[in-house]
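>>> With the sequence up front, the predicted model follows.
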Amino acid sequence: MKKLLFLFISSLLSLSIAAQTRTITGKVTDAAGEPIAGATIVEVGVPNGTITDTNGTFILHVKAGAQITVSYIGFVSQQIKVGEKNTINVVLVEDTRVLDELVVTGYGGAQLRSKVTNSISKVKEEMLSTGLYSNPAQALSGAVAGLRVIQSSGNPGATPTIVLRGGTNFDGSGSPLIIVDGQVRGSLSDINPEDIESMEVLKDAGATAIYGARANDGVVLVTTKRGKKGIEVVNLKTKVGVNHFRFFYDFMNATDYLYWMRTAYKNSTVALYTLNDGTVIPARKYPNGTNMMNWANIGSLNSATPYGTGNKYWTEDNKNIPLNGNKDNRAIWSPMKYTDDLAFLLQQGWMKMTDPVFGGEIIYKNFDIADFNIKSPSISQDYNINMSGGNDKGNYYAGIGYNDSEGSAAGDWYKRLTFQFNGDYKVKEWLTSSSTFNFADAKWYGLSPTQTNEALYFSRVLSLPSTFRGYNADGEMLLGPNASDGNQSFQREKFIRNNNTTKFTMAQSFKIDLAKGLTLKLNGNWYISDGRYEAFNKDYLNSPTAVPVVSRNSSASSSRMIDQTYNAILNYKKTFNDAHNLDAMVGYEYYESYLVGLSASGSGAPTDDFMDLEYTSNKEGMRSIDSEHTRNRIVSYISRVNYDYKDKYLASFVFRRDGYSKLSEKNRFGNFPGISAGWVFTREDFMSDYEHILSFGKLRASYGRNGNVSKDWVGNYTVQGSYGSTLYNNSVGYAIGGIANPYLIWETSNTTEAGLDLGFLKNRLTVNLTYYDRNTFDKYAYITVPSTSGINLMISNNGEFRNQGFEYEVNYRVLDTRDLKWNVSLLGSTNKNTVIKLPDNDLPLNRQNATEVYSGTNPDDPYEKIWVGGYQEGQTPGDIYLFYAEGIYKSQDEIPTNLIDRTSGNNGSNRRPLYGGAAAFNNLTDGEKKRALPIEPGDVKWRDVNGDNIIDNYDLVKIGNSTPKVFGGINTNFSYKGIKLNARFDYALGFTIVDWRTPWIMGNMQGTYNTIQDTKQTWTPENPNAKYPIYVWADQLGKRNYARNTSMFAYKGDYLAFRELTLAYSLPKGIIEKVKLTNAEVSVTGQNLGYLTEAPHVFTPEVSSINGGYPLRVSVIFGLNLSF
Amino acid sequence: MKKIFFILSIIAVTLTFSACEDSLNIGPEDYYGSNNFWNNEAQVKGFMYGIHSTLRYNYGMFFYLGEARGGTHRTGTSSQNTSLNDEQIKISNIDKNNTGISNWYNIYNRLLNINLFIIKVEDKEATPFLTDDARNGYLAQAYAFRALYYFFLYRTYGNVPLVTTVEVLNGRVTANKFYIPRATAKQTLELIKSDINKSETLFGNSTALPSRIEWSVYATKMLKAEIYLWAAKVPVLDQPKGGNADLTVAKTALQSVIGNANFSLISDFSKIFSDKTVNNKEVIFSLRFLDKEAYNNGGEFLYQDQVFVNQKYDRNGNLLGDVLNLKSRGGIFRHEYKFELFQSYDANDIRRDATFFDYYSNNTATEGKGLLMKKAVGSINSTGDRVFDTDYIVYRYADALLLMAEIENGLTGSCATYINEVRKRAYGANYGPAVAYADGTFAVNELAILKERDKEFVWEGKRWFDVVRLRDAAGKSLAFSPDANYPAGTPLIPATDTHKLLWPVDVYTLNLNPELTQTTGYN
């Protein structure tokens, strides 16, 4: 491979350059005398030029009498006659009137920033080069106004969720179209950030209409690096990250666990029991004198459980042979009644305590399951070598990258190898050929196959009781109670998982210069995405007492998606009378995506030595095999016109017509226009007096239309209906699958926006402000149909949804001198989502999935209810309604004697009725009286919204909304000579987080597992002012202090994420030049350093509904970049 | 050169324009779309398998609608310290806000396929490839399935919307197209009777039993007997009980099954559920569960190792290991039968230990009494793993005998013969006059039949319907009888709550259809 690459590159390089007649040297500096590196020096009229080095110097061979042009972005170009001079020093003057940055607009188009009339944000290479990203989307956090990046998993192979301007779906979802070098990609995964030149985010429909039918959630255009004329460089980049797991729960040690768990049992026991000293604790009674219905079974404190004393150290009959906890489940947990024959364990780190319930002594051991299941620190490595070069005829870029990241879960890893080659060559005077080749090979393991659920792995599994012995008497690791909740390192080698995706992009384009300004570009893109997955289970233990599972399941699947895009683009660019600039384009595109897959599985091989499917049992039903084929096509007509008059009055028009195979024939074509205009008012004469203050000002407005046939709603053949197949006694059976729905049409978005781009003080301060209003109509929405129809839901086009918001970007170069530079930028956006219209269902506001709550505002009718939540016309989705916890009852007198609680609870609650006192008890029905429980000190005081002394499912209070109102980022760069300091933050404000996992833990809902330190702040008779309600066993089977939708674990979601902090140092030129280097930089970066937020136990505040999950790893990354 | 290149590309592009728009017409490559089905008999036959398969997916209907409310289930915390499921249903604590089940238990979704099948197969132009015999055979099955589903709805809700068409495949779907009111109970029963009689007629003189896991003429006879027995004894809203006329029809139907050489009681009670062979003569119709194809929730009636193995004792004080060889595949213990039900068995009744495994938390069998239910224990598959693939038996021969006992009790007052036939198998060698049943009064017989059915049909989805159908001396349902409960003493449903014989409709379903009304008594 390497040799081939070298040959290829060399052939591109071996373009001989004709002999020259004279040599000039010189230096390019700015007004302050600073050298300008990378300035272009071109001999006028001939294909000859060079670029200044880091000292601003250049050498160029020119013909006698030549003229040269010296130019650099952001400066006014100069044309100089060489004459007889051998040395030419040039001082470039900053061009303060334009913000000259080239912005990519799709289909080969590019526009100067100063002329852009749309919302297009550019994420430059620098943003991608500081941290260590396994996925370039991670670098977008807080980088673009209006773009929200949600990193909801710290798994190195995870793909962040990207949502632009609130999303076009009712639930606020909807991801932008991702296009990499003209090729549509499903996500940004498996792309090496190092190969990316820039990412443009097209936000308004005036711009995205060019991508028509798939672009109503915006477009992310990724452009990979290409060689630049005159810069020949080889870069070596190394990054090594040390990643720490951020523990978001602080579980109790064994001593505390035993105390609290056993006390919890006592707290939830209503039946009679006897203490060790013979004291009899009588059964609790109802006001009518009968015994209370059983809740916890206190006898279980003597059983072989994590908290029980029935565990064994020795085999029954021999006090010399220890039990093996991998064979006998009485030897998994450590607590035992202390006896003298166990005294030796105290020397091995075991401990002793007094039983808080019955009295007597318990011996036990402390162990943290995280020792087995969490890898911290884990190591990430990222290596890149790339080289680029170019001249007048051609240029190339080649990059090889390797990323190897370990996850926080033991055994979780992700490896990615990428190769990118981009080459352009001017074959003929009129013909330029461009080739792109991209290869990415990713492999990963993921979480342990016995626990693949991230939410459970990092919450439930870590709550495994700390009385776990960890090791047996022989020092071997123990599995724990079962494979899914136990030690995930115990037998991972038993589970072979080969996950591998390989993606190729091959693109070839020809640009034909037909006439001056008129070009035809023909492109062909092939994108092949292969996935190969193999899984094999060797014989493994499912729980310690069982014989190993010997089913030896083996499966293999492989799929290939072939995407082909062909387009022809005719472009015409001309300036008339030095005033009218025209850039026009028409094009045609054909796209096809075809997926072929084959999968097979089997089990029952005679041994577990080989995963080869050949060895699986061939008995009936033991093997299965399947193949898959699915295809969709799009035919498109594209056009765009950009026009401006003297860079002052700007206008742009785009139009696309798309035909999509997913829709039925008569609804297949859609038209998507976009129009935008701008006025650079600072170019008007009347503004010239203010130029020293307001150096640039542009008003812009746009309107456009996009479509969407979301794959979440409409599959390739959805509208055609289907008959699904099933098996009955190994015979193939059929049943109605999907209902044919030829009536479906495009979902359509109309976006209007207006913006103001301002540059102050020679553009040292720039401000961009944008207001947008996006209306998505004919939205895909389920209409709910009475199930007597045979179905429950039908997809239909009849909703309307609106995103409105305001985006701001402020960039200020606070200091800008030769040695000292400081830049601060603040960006963000506000967004409001409103449901405008829903399918007619004859219900008020056509509400869907709404629930009723007491209004609590009508004095005449305390039972008046209102419909809230779900989707309702005119409302913002995502309102959170919860039972409002007003505090904890401190004493019995605070509890109204006529208070009844008939709520349902969650987590499998058994809805036992609760009563405040005898008066309430007497009001219960006969059935309720048998199951009721008393409300007592330590229980939560819930808000009785309608004041009827009955807490029921309608006593809910609005706590907040799940979607942030404001989000964005703050970036600052500071540099002094060779030292650079960068910091990146991002934030989201104005939303509510509900933590569902912590109440599950603190409510002891698993019934045997550990709890967190916060439980020490629960109510006890000794601690009546506690923060949390009483700790009991299985709260969902009791009084639902935790097991209901409670406000107690709802928090303000506002967060500030400390995303990145980088300190870099470039070694002085004097030193590195001695070793032939042009640049050498060392850096240290802290990445994902944490969040400033209110919720104490969330793995991330980036999602609003928390059930536990994989936190982002706190990383310290050491980097070394060398260029020569 | 440049020009040629240009012209060629323009031509190529233009040519592809028109061709490409046609290329947008593509259909599924791996399955039938809505346009290429109902073209041959293999598809019709496959669709009938599909109807069997969807009934299997809905097998929970037998347990939840037919048994769970019957009062034989423990509630609260189990003997394994797990929380038991569906407490509200199991104690009949249902009201309009707390309906226990919802959406008609998905039955209308199943009816969609059956209605489509009937329409297509009845239409000779739509399915011209079918012979008359084949057509009648398929229709006989389809009508019986429809009767079965509506019979469940009738017993559960009384009167329900009656749907026999497939409007959802007829043009654009809108919600208001399906605003259908509940028919009367009378109309509901009429449809059920009409469907089951059509099935019987379409089967004609056929006496074949092609398979015990596919609907046969005998399954139709069993269902018909059940329907007419219910109609005879249970008044539902505006539908009074039918009395002897219906009992006679039920009896005639059962006579095709009882004594038929295809069926008998098999001697080993425990084999009824473990023997999946075609020769299990006990089985009249069962739903096939199969490793890799379909599993049931049998694991929820058993144990997980960590709360059972080495923790519980048998009745002789032995510490228990993996006593049922579950190989740690047991689910979380979610359904436990009342210990009183276990205690109601005679120790010599082999059904007791074939159905249950009793265990205790101490070695003197005095504390922490609990029951595993063994009927759905499944099997060890060919890779040595435990799988819960016990067939769900809808009708078996013992059911035919006990239904006949009940019919005879209504008609002639003599039912002991049939009860004793079942007891002979239950007691085996220990059967004798001491355990034989002797006819008593109508009410005594009814209660005896109930208790016999309770012992025989644990988990088989019978108990709730039995207790509703069987009568006391006053002609009232045994659901109101203190004697029918476990433990005896308080009735399953207080006498004042007569409406609770039927189930309420959940708010969500009511809200979706403004024409729909709540079940009588729940407002």
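Structure received. Numbers count the residues shown, from 1 in each chain, chains lettered A, B, ... in the order given.
>>> Spell out which parts of the stretch 351-500 of chain B neighbour chain A.
For the stretch 351-500 of chain B, the residues in contact with chain A (C-beta under 8 Å from any C-beta of the partner chain) are B:Ser361, B:Glu367, B:Gly368, B:Asn381, B:Ser382, B:Thr383, B:Gly384, B:Asp385, B:Pro494. C-betas here are computed from N, CA, C, even on glycine.
>>> Narrow these to just the buried residues.
Neighbour counting with 16 or more other C-beta atoms under 10 Å in any protein chain shown marks B:Ser361, B:Gly368, B:Asn381, B:Ser382, B:Thr383, B:Asp385 as buried within these.
>>> got the residue ranges for the helices in the stretch 1001-1124 of chain A?
A:1069-1074 (DSSP state H, counting those that start in this stretch).
>>> got the residues of it near chain B?
A:Gly1007, A:Ala1034, A:Gln1036, A:Leu1037.
>>> Could you tell me how many residues sit around the first one?
By the other C-beta atoms under 10 Å in any protein chain shown criterion, the neighbourhood of A:Gly1007 contains 22 residues.
>>> wait, it sits on A:Ala1034?
Yes. Under the criterion of C-beta atoms under 8 Å, A:Gly1007 makes contact with A:Ala1034 at 4.9 Å.
>>> which ones are touching residue 323?
Answering for chain A, as no chain was given. Applying C-beta atoms under 8 Å, 6 or more residues apart in numbering or on different chains to A:Leu323 gives the contacts A:Lys312, A:Tyr313, A:Trp314, A:Thr315, A:Arg330, A:Ala331, A:Asn472, A:Ala473.
>>> other chain: chain B
B:Val323 sits next to B:Asp314, B:Phe357 when contact means C-beta under 8 Å, 6+ apart.
>>> can we see that at 10 Å?
Contact analysis of B:Val323 by C-beta atoms under 10 Å, 6 or more residues apart in numbering or on different chains lists B:Tyr303, B:Phe308, B:Val309, B:Lys312, B:Asp314, B:Phe357, B:Tyr359, B:Leu372.
>>> Quick check: chain neighbours aside, which residue is closest to the fourth one?
Sequence neighbours aside, B:Tyr359 is the residue nearest to B:Lys312 in space, at 4.2 Å (criterion: C-beta to C-beta, 6 or more residues apart in numbering or on different chains).
>>> what's the neighbour count on the residue in the stretch 201-350 of chain B positioned nearest to chain A?
The nearest approach of the stretch 201-350 of chain B to chain A comes at B:Ser328, 3.6 Å away (C-beta to the nearest C-beta). For B:Ser328, the neighbour count with other C-beta under 10 Å is 23.
>>> I figured it hits A:Gly486, correct?
No. Counting by C-beta atoms under 10 Å, A:Gly486 is not a contact partner of B:Ser328; they are 12.0 Å apart.
>>> Overlap in contacts, the two.
A:Leu541, A:Asn542, A:Ser543, A:Pro544, B:Gln306.
>>> Closest one to A:Val144 out of these, please.
A:Asn542 (47.7 Å; C-beta to C-beta).
>>> So the closest one is in contact with B:Ser328, correct?
Yes. Contact criterion C-beta under 10 Å: A:Asn542 and B:Ser328 qualify, at 4.2 Å.
>>> re the thing from before, now do the shared contacts for A:Gly1007 and A:Ala1034.
The contact sets of A:Gly1007 and A:Ala1034 overlap at A:Ala264, A:Tyr265, A:Ala296, B:Thr77, B:Asn81, B:Thr82, B:Ser83 (C-beta under 10 Å, 6+ apart).
>>> Farthest-apart pair in those residues, please.
A:Ala264 and B:Thr82 (16.5 Å).
>>> So which of the two has more stuff around it?
Between A:Ala264 and B:Thr82, counted using other C-beta under 10 Å, A:Ala264 has the larger neighbour count: 25 against 20.
>>> count of residues packed around the closest residue to that one other than its chain neighbours?
Nearest residue to A:Ala264, sequence neighbours excluded (C-beta to C-beta, 6+ apart): A:Trp1033, at 4.6 Å. Neighbour count of A:Trp1033, defined by other C-beta under 10 Å: 28.
>>> Could you measure from A:Trp1033 over to A:Thr1046?
Distance, A:Trp1033 to A:Thr1046, by C-beta to C-beta, to the nearest Å: 18 Å.
>>> what's the residue closest to the geometric middle of the chain?
I went with chain A, as the question did not name one. Centroid-nearest residue in chain A: A:Pro160, 1.9 Å away (criterion: C-alpha atoms, centre = their mean).
>>> switch to chain B, that's the one I care about
Centre-nearest of chain B using C-alpha atoms, centre = their mean is B:Phe62, 2.7 Å out.
>>> I'd say B:Thr496 and A:Gly927 touch.
No. Counting by C-beta under 10 Å, B:Thr496 does not reach A:Gly927; the two are 11.8 Å apart.
>>> what about the two, which has more around it?
Just comparing B:Thr496 and A:Gly927: by other C-beta under 10 Å the higher neighbour count belongs to A:Gly927, 14 against 8.
>>> just checking, that one is part of a helix?
Yes. Remark: A:Gly927 belongs to a helix, assigned using DSSP: H, G, I helix; E, B strand; the rest coil.
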